[in-house]
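Chemist: Have a look at this prediction, sequence included:
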Amino acid sequence: MKFTFVTLFKNIMQGYFTDSILKRAIDKKLLNVNYLNPRDFTNNKHQKVDDTAVGGGAGMVMNPQPLFSTLDFLKKEDKDVHIVFLTPVAKQFTQNDAKRLAKKSHIAFVSGRYEGIDERVIENYADEVFSIGDYILTGGELASLVICDSVSRNLSDVLGNADSLRVESFETELLEAPSFSKPKDFKNNLVPSEYLKGNHSRIRSLKLVLSECKTKFFRPELFLKYNCTKVVDFLPKKTKH
Ligand code: SAM
């Protein structure tokens with residue numbers, strides 16, 4: 001799968017791919033990462049990419065011309081590229097989006113800076129827009145990396161053990177149960193004894209209870225959804241008369 005990052009600051013992104021799982025995926029040719037800098041596509045002598053906001057307002061806005069030219073170039077190179085803009089003014093990215101996007105062949109992430117991107121760019125080129133949460137970052141680069149990372153681990157062979165995906169939080173409405181490593185007693189902090197007895201069906205039941213407790217405490221709105229699906233499961237199935 002190919003990722004193209006449209007960014008003014010590729011240096012702050014590159015390090016993420018120099019170690020661990022994503023580096024291995026690049027080495028195994030499962031991932032291909034590229035960068036395009038809108039500054040290289042400017043028509044003006046000083047390679048200026050931003051200007052004051054029309055109609056007033058604080059800060060600078062990214063001009064349409066460099067981004068139109070960058071994205072035209074990108075689409076000419078690959079007409080199937082899926083263009084994603086990062087903006088706080090969008091639906092929040094979820095695990096379901098990560099799985100869906102993992103089926104694309106090429107995703108381009110467009111990162112805003114300053115007060116953001118001229119809306120006409122988004123209107124003309126966005127296949128999708130995503131926020132990564134209800135807070136403001138200085139730029140879209142971190143948000144692009146977050147989404148790229150989460151999409152990548154859903155590609156086959158990127159993770160060493162594909163089973164990790166099956167039992168993770170958000171696969172159902174429940175958060176994952178707590179995990180423990182060795183030793184079973186660390187400075188008088190014990191692993192739950194049921195985890196040590198080797199009875200896998202009892203361990204599964206305990207993990208379900210712990211998952212439910214965690215979800216209820218940390219994410220009551222997810223717990224509510226989980227309870228609703230449980231109720232629907234108990235309802236008698238519709239029979240034909
Ligand atoms: N003025 C904008 C607003 O209030 O909605 C915020 C602009 S922000 C300082 C600059 C850039 O960071 C945005 O164009 C976007 O690309 C990125 N960004 C900031 N917060 C983000 C978030 N929560 N999710 C995704 N991208 C974000």
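Modeler: Received it, and whenever you're ready, just let me know what you need. Numbering: from 1, shown residues only.
Chemist: Verify the stated contact: residue 6 with residue 72.
Modeler: No: the pair residue 6 / residue 72 is not scored as a contact, 11.9 Å apart, by C-beta atoms under 8 Å. Where C-beta positions appear, they are placed from N, C-alpha and C, glycine not excepted.
Chemist: between the two, which one's more packed in?
Modeler: residue 6 (28 against 13; other C-beta atoms under 10 Å).
Chemist: partner residues bridging the closest residue to that one other than its chain neighbours?
Modeler: The shortest distance from residue 6 to any non-neighbouring residue, by C-beta to C-beta, 6 or more residues apart in numbering, is to residue 110 (4.4 Å). Legend: beta-bridge partners of residue 110 under DSSP bridges are residue 6, residue 85.
Chemist: Against residue 90, how distant is residue 110?
Modeler: Distance, residue 110 to residue 90, using C-beta to C-beta, to the nearest Å: 12 Å.
Chemist: More neighbours: those two, which one.
Modeler: Taking other C-beta under 10 Å, residue 110 and residue 90 do not tie; residue 110 has more neighbours (28 against 16).
Chemist: ok, back up a step: and the residue nearest to residue 6, what's its pLDDT?
Modeler: At residue 110, the model reports a pLDDT of 99.
Chemist: now stretch 80-97, how far from the centre of its chain.
Modeler: Counting by C-alpha atoms, centre = their mean, to the nearest Å, stretch 80-97 is centred 8 Å from the centre of its parent chain.
Chemist: again but with stretch 155-171, I slipped
Modeler: 15 Å.
Chemist: ok, so what distance separates residue 50 from residue 65?
Modeler: Residue 50 is 11 Å from residue 65, by C-beta to C-beta.
Chemist: now the strands for this structure?
Modeler: Ranges of strands in the chain, per DSSP state E, are 2-6, 32-36, 50-52, 60-62, 82-86, 106-110, 128-130, 185-186, 189-190.
Chemist: Which neighbours in the sheet does the second one have, and how are they oriented?
Modeler: The reference is to strand 32-36. With DSSP bridges as the test, strand 32-36 pairs up with strand 2-6 (parallel).
Chemist: and if you look at the last one?
Modeler: Each strand paired with strand 189-190, and its direction, by DSSP bridges: strand 185-186 (antiparallel).
Chemist: domain parsing for the protein?
Modeler: Following automatic domain parsing, the chain resolves into domains at 2-152, 169-234.
Chemist: So for the longest one, first residue to last residue, what's the gap.
Modeler: This points to domain 2-152. From its first residue to its last, domain 2-152 covers 10 Å (C-alpha to C-alpha, to the nearest Å).
Chemist: chain center to it: distance?
Modeler: 13 Å.
Chemist: do it and the ligand meet?
Modeler: Yes: Domain 2-152 reaches the ligand (C-beta under 6 Å from any ligand atom) through 86-89, 111-113, 115-117, 131-133, 135-140, 143.
Chemist: Out of those, list just those in helices.
Modeler: residue 143 (DSSP state H).
Chemist: Would you write a ChimeraX line that selects the buried entries of the residues of domain 2-152 next to the ligand?
Modeler: Selection of buried members from the residues of domain 2-152 next to the ligand for ChimeraX, criterion 16 or more other C-beta atoms under 10 Å:
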select :86,87,88,111,112,113,116,117,131,132,137,139,140,143
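Chemist: Okay, the residue nearest to residue 6 and residue 31: tell me how far apart.
Modeler: Looking at residue 110 against residue 31, where the rule is C-beta to C-beta, the gap reads 19 Å.
Chemist: for this structure, what are the low-confidence residue spans?
Modeler: Counting by pLDDT under 70, the ranges of the chain that qualify are 231-235, 238-241.
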